[in-house]
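Colleague: sequence-free structure coming up:
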């Protein structure tokens, strides 16, 4: 696979707000879904990484909102691995309406790897290599 | 204090949905706030209980929705301790509009005490006694 | 189709809490997903129903929690239509671990049909007939 | 009042995730609480603005996560009005642990004013003037 992966999700009623569109914080939930599925497509499981004692904590997140997503829309989250270092990973996201292709949002997250106590710790080398291989 | 405690909260935009009212699952979040504040008013901390190795997991929840709560409403959650046993606690909740007094919902939850591995375990006797004392 | 429909979803990190399992209110979100997909399988769209001016508001919800769902679990929500009346619909839900079949929760919701102003209103007859036809 | 306002909130169990800390998207919910309370302190109600036909939709959001917030922490959200234009408002946020003063996160949001149909529309002049007066 390339260093980009797309996954689709259906907008839930729970994700909307009284403006009739998806509440802005929920795009970050979709980014989480995007990067978990990115890793799965790469043969990696974020759950397994955590069970092994390494977590990836978001250190910075940015979202640019371009057009509203609405209840029952089929949304596509395209996740791109941007960089991997010993203790950090960065991803970009493009969120589009799956049927029309309309761009709904772009996002960027930086994550740092931490141990069970929340301290910075190196990403396991084998996991890091798997990411680096597709960059 | 008696076995009833009230706390107030302001409805967040995030809690509404496209129907213009609070999404139905969020009333259970307010019940959580209600019982945490109930315990605090009793001089107990749910956080401390968990740090000590005992969690209270919800085993059953029921909500009856009477009138919609809306963005920016001031809502009152009145929590009543109904019963305490060696491994179970039950609470009732009345959710009202704080200013008008209109009843928005009633709820009931049963919780069971578990250890760090998620197995049923007795509520620490001192904690249980504090609850039983106000019944 | 019969009056039962199953859909699957992957547990999101956002849906877990510090107990390491899915937060109890989120099962109601999954019930929402279940009934929206139930209607879609029947050739009906809840979004279309709402655009036509009729909403279905939950009037009562009950969940029994049997075993915890965890991050990244594949979960199956089986939704069963229990009853339809002129202004009310009831559903039952069985939530299981998709791979092991372990029962995670059962739930029940009663919904009432309302107009754009939130007043009780009859379910459009054609929509009601489609539901009644599979009972 | 100055162009900065602080409000406090108690971290809910619902806001945590299995890493034992607050899920990253929820900081944006706290920013929403911060700016609604900022407006209230200024004698303005966001709810009233919306009832009048003008919404403020987030067009860009950035969060930098410095230290984790945990269940039951008392958190302070300090909201600062950065700029007001005819159709846009920007805020900065500082989120701290209320008791220790530890900085948990900083955030920035840009909002655009829209009408009921989601189209860009001028902020009502009287509302805009009230904001501009404290800049």
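Modeller: Alright, I've got the coordinates. Since the structure is predicted, the reported quantities are computational estimates derived from the model, not experimental observations.

Colleague: Going by contacts, tell me the helices and strands next to the helix or strand hosting residue A:90.
Modeller: Assigned by DSSP states H and E, residue A:90 falls within strand A:88-97. Helices and strands touching strand A:88-97, by 3 or more CB pairs under 8 Å, 6 or more residues apart in numbering or on different chains; DSSP states H and E, are helix A:26-41, strand A:74-85, strand A:103-114. In short, each C-beta sits where N, CA and C put it, glycine included.

Colleague: please redo it, this time with the cut-off set to 10 Å
Modeller: Strand A:88-97 sits against strand A:4-10, helix A:26-41, strand A:55-65, strand A:74-85, strand A:103-114, helix A:125-132, with contacts defined as 3 or more CB pairs under 10 Å, 6 or more residues apart in numbering or on different chains; DSSP states H and E.

Colleague: That strand pairs with which strands?
Modeller: Strand A:88-97 pairs in its sheet with strand A:74-85 (antiparallel), strand A:103-114 (antiparallel), by DSSP bridges.

Colleague: Also compute the angle for the first one relative to helix A:125-132, please.
Modeller: This points to strand A:74-85. Angle, strand A:74-85 to helix A:125-132, by axes from the mean of the first three to the mean of the last three CA atoms, to 10 degrees: 120 degrees.

Colleague: What residues of strand A:74-85 count as buried?
Modeller: For strand A:74-85, burial by neighbour count (16 or more other CB atoms under 10 Å in any protein chain shown) applies to A:75, A:76, A:77, A:78, A:79, A:80, A:81, A:84.

Colleague: Verify the contact between the last one and residue A:128 for me.
Modeller: When you say that, I think you mean residue A:84. Yes: using CB atoms under 10 Å, residue A:84 is in contact with residue A:128, at 5.9 Å.

Colleague: Pretty sure residue A:123 sits against residue A:115.
Modeller: No: using CB under 10 Å as the test, residue A:123 is too far from residue A:115 to be in contact (11.0 Å).

Colleague: got the contact list for the most far-flung residue of chain A relative to its centre?
Modeller: In chain A, counting by CA atoms, centre = their mean, residue A:18 sits farthest out from the average C-alpha position, at 25.7 Å. Residue A:18 makes contact with B:13, B:15-23, B:70-71, D:47, D:50, D:55, according to CB atoms under 10 Å, 6 or more residues apart in numbering or on different chains.

Colleague: Once you drop chain neighbours, what's closest to residue A:109?
Modeller: Residue nearest to residue A:109 in three dimensions, not counting chain neighbours: residue A:61, with 4.8 Å by CB to CB, 6 or more residues apart in numbering or on different chains.

Colleague: which residues does the one you found bridge with?
Modeller: Beta-bridge pairing for residue A:61 (DSSP bridges): residue A:109, residue D:63.

Colleague: Please tell me how far it sits from residue D:60.
Modeller: 12 Å (CB to CB, to the nearest Å).

Colleague: Could you do residue A:66 as well?
Modeller: Applying CB to CB, the value for residue A:66 to residue D:60 is 10 Å.

Colleague: and for these two, which residues touch both?
Modeller: In terms of CB under 10 Å, 6+ apart, residue A:66 and residue D:60 are both contacted by the residues A:105, A:106.

Colleague: quick one, which of those two is more surrounded?
Modeller: Taking neighbours as other CB atoms under 10 Å in any protein chain shown, residue A:66 and residue D:60 compare with residue D:60 leading, 18 against 15.

Colleague: Is it correct that the more buried one is in contact with residue A:65?
Modeller: Yes: in this structure, residue D:60 is within contact of residue A:65 by CB under 10 Å, at 6.8 Å.

Colleague: Give me the common contacts of the two.
Modeller: Taking CB under 10 Å, 6+ apart as the contact rule, the neighbours common to residue D:60 and residue A:65 are A:24, A:105, A:106, D:110, D:111, D:112.

Colleague: Identify the residue nearest the third one in space, chain neighbours excluded?
Modeller: When the adjacent residues along the chain are set aside, residue A:106 lies closest to residue A:64, with 5.0 Å between them (CB to CB, 6+ apart).

Colleague: Tell me the residues on chain A that lie near chain B, please.
Modeller: Proximity of chain A to chain B, by CB under 10 Å from any CB of the partner chain, involves residues A:12-26, A:70-71.

Colleague: Show the buried residues in those.
Modeller: Among the residues of chain A next to chain B, those classed as buried by neighbour count (16+ other CB under 10 Å) are A:12-26, A:70-71.

Colleague: among these, which are in helices?
Modeller: residue A:26 (DSSP state H).

Colleague: Please tell me how far the nearest residue to residue A:110 once chain neighbours are set aside sits from residue D:107.
Modeller: Once flanking residues are discounted, residue A:110 sits nearest to residue A:60: 4.3 Å by CB to CB, 6+ apart. Taking CB to CB as the measure, residue A:60 falls 10 Å from residue D:107.

Colleague: picking that back up, just the closest of the buried residues of strand A:74-85 to chain C, please.
Modeller: Ranked by distance to chain C (CB to the nearest CB), those are led by residue A:77 at 12.2 Å.

Colleague: List the contacts of the closest one.
Modeller: So residue A:77 contacts A:5-9, A:27, A:30-35, A:37-38, A:93-96, A:98, A:104-105, A:107 (CB under 10 Å, 6+ apart).

Colleague: So how do I select the buried members of the residues you listed in PyMOL?
Modeller: Buried members of the contacts of residue A:77, defined by 16+ other CB under 10 Å, are picked up in PyMOL with:
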select buried, chain A and resi 5+6+7+9+27+30+31+32+33+34+35+37+38+93+94+95+96+98+104+105+107
